[in-house]
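**Student:** I'll drop the sequence and a predicted model, then ask my questions.
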Amino acid sequence: MTKRRGGIRQRVKRLAAQPIEELVSLFGTWLAVEQVLGAAQRDRLFGPARTFWLFLSQTLSADGSCREVLRKFLAWRAREGLPPASPKTGAYCKARAAASPS
């Protein structure tokens, strides 16, 4: 039996290339993010659950930048027919910081 090298790496690369909604559909039922983090109290662009999914996408990405994950998020909004949002990363970075344990 031969070892397959890079099997996990290849899977991570494939996941990182997927749109964010694909991550939600693949893992959403297992993780139950909204139940754990709670639903957003207000209609925020970066509520707790959305921030989690964006951060997961960011950590899987080879680039790992806030700019890249925000690009994916804006593409999702466009596909869903939602109004465009700012491409600046400040709001996402603040939401991420607020969600991290102190």
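**Tutor:** Cool, the structure landed.
**Student:** Flag the shaky bits of this protein, pLDDT-wise.
**Tutor:** Residues of the chain meeting the criterion pLDDT under 70: 1-6, 29-42, 101-102.
**Student:** in what helix or strand does the residue positioned nearest the centre of the chain lie?
**Tutor:** For the chain, Leu54 is the residue whose C-alpha lies nearest the centre (C-alpha atoms, centre = their mean; 1.9 Å). With secondary structure defined by DSSP states H and E, Leu54 is part of helix 48-60.
**Student:** just Ala75 next, same as before
**Tutor:** Element membership of Ala75 [criterion: DSSP H and E] is helix 66-79.
**Student:** And for Lys94?
**Tutor:** Lys94 belongs to helix 90-99, assigned by DSSP H and E.
**Student:** Pull the distance from that helix to the chain's centre.
**Tutor:** On the basis of C-alpha atoms, centre = their mean, to the nearest Å, helix 90-99 sits 13 Å off its chain's mean C-alpha point.
**Student:** just stretch 47-57 next, same as before
**Tutor:** The gap between where stretch 47-57 is centred and where its chain is centred comes out at 5 Å by C-alpha atoms, centre = their mean.
**Student:** ditto for stretch 86-98
**Tutor:** The chain centroid and the centroid of stretch 86-98 are separated by 13 Å under C-alpha atoms, centre = their mean.
**Student:** residues in contact with it?
**Tutor:** By C-beta atoms under 8 Å, 6 or more residues apart in numbering, the surrounding residues in contact with stretch 86-98 are 44-47, 51, 54-55, 66-67, 69-71, 73-74. Using the backbone N, CA and C atoms, a C-beta is placed for each residue, glycine as well.
**Student:** Around the residue nearest to Phe27 when sequence neighbours are not counted, count how many other residues there are.
**Tutor:** Closest residue to Phe27 apart from its sequence neighbours, by C-beta to C-beta, 6 or more residues apart in numbering: Leu56 at 7.8 Å. Other residues lying near Leu56 total 18 when counted by other C-beta atoms under 10 Å.
**Student:** just use 50 as the starting number from now, easier for me
**Tutor:** Okay, residue one is now 50; in that scheme the one you just asked about reads as Leu105.
**Student:** any idea how far Ala98 is from Leu105?
**Tutor:** When C-beta to C-beta, to the nearest Å is applied, the distance between Leu105 and Ala98 equals 11 Å.
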